[in-house]
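In: quick check, what structure comes out for this input:
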Amino acid sequence: MLKKLWLMVGVFFGTIFSFAMVAMAAEEGAAATLPPQVKMWIAIAAGFGMAIATVGGAISQGRGIASALEGIARNPSASGQMVTPMIIGLALIESLVIYTLVIELLLVFKL
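Out: I've put the predicted structure just below:
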């Protein structure tokens with residue numbers, strides 16, 4: 001049941017994001033000639049894409065911090081060895097959300 005739900009969500013967002021590719025493929029002055037429906041779907045895709053990236057980043061950062069704190073709680077002497085990789089991992093997770101924001105802004109500013 002859960003796999004079917006994820007498949008349906010993936011197909012839904014894949015369809016929405018396919019409209020966004022039309023805007024990215026358009027030339028510089030061609031954005032004004034896009035049909036209003038395509039502009040609407042680009043805006044919707046940008047909103048959903050940023051929401052998904054934010055939720056995914058928050059969940060993965062929370063799980064990473066929880067795992068690191070659990071490891072530190074089990075072995076307090078290893079805390080110095082766990083903090084630096086945890087911070088690097090959190091920065092990499094956050095960079096994916098920032099890349100999504102940049103792509104979303106590029107899509108929206110093409111409108």
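In: where does pLDDT dip in this structure?
Out: 1-5, 9, 11-32 (pLDDT under 70).
In: could you pick out the longest helix of it?
Out: helix 36-74 (DSSP state H).
In: counting contacts, what elements does whichever helix or strand comes after that one pack onto?
Out: As assigned by DSSP states H and E, the chain's next helix or strand after helix 36-74 is helix 79-109. The helices and strands touching helix 79-109, judged by 3 or more C-beta pairs under 8 Å, 6 or more residues apart in numbering; DSSP states H and E, are helix 2-25, helix 36-74. (Glycine included, C-beta is placed from N, CA and C.)
In: how about helix 79-109: buried residues?
Out: 86, 89-90, 93, 97, 100, 103-104, 107-108 (16 or more other C-beta atoms under 10 Å).
In: just these now: which is nearest Val55?
Out: Val97 (9.7 Å; C-beta to C-beta).
In: from Glu70, how far out is the closest one?
Out: 24 Å (C-beta to C-beta, to the nearest Å).
In: name the residue most distant from the centre of the protein?
Out: Taking C-alpha atoms, centre = their mean, the residue of the chain most remote from its mean C-alpha position is Ser77, at 35.2 Å.
In: show me what contacts that one?
Out: Under the criterion of C-beta atoms under 8 Å, 6 or more residues apart in numbering, the contact list for Ser77 is empty.
In: how far away is it from Leu105?
Out: Ser77 is 45 Å from Leu105, by C-beta to C-beta.
In: same question for Gly71.
Out: Taking C-beta to C-beta, one finds Gly71 at 37 Å from Leu105.
In: go on, Gly47?
Out: Taken as C-beta to C-beta, the span from Gly47 to Leu105 is 12 Å.
In: and if you look at Pro85?
Out: From Pro85 to Leu105 the distance is 31 Å (C-beta to C-beta).
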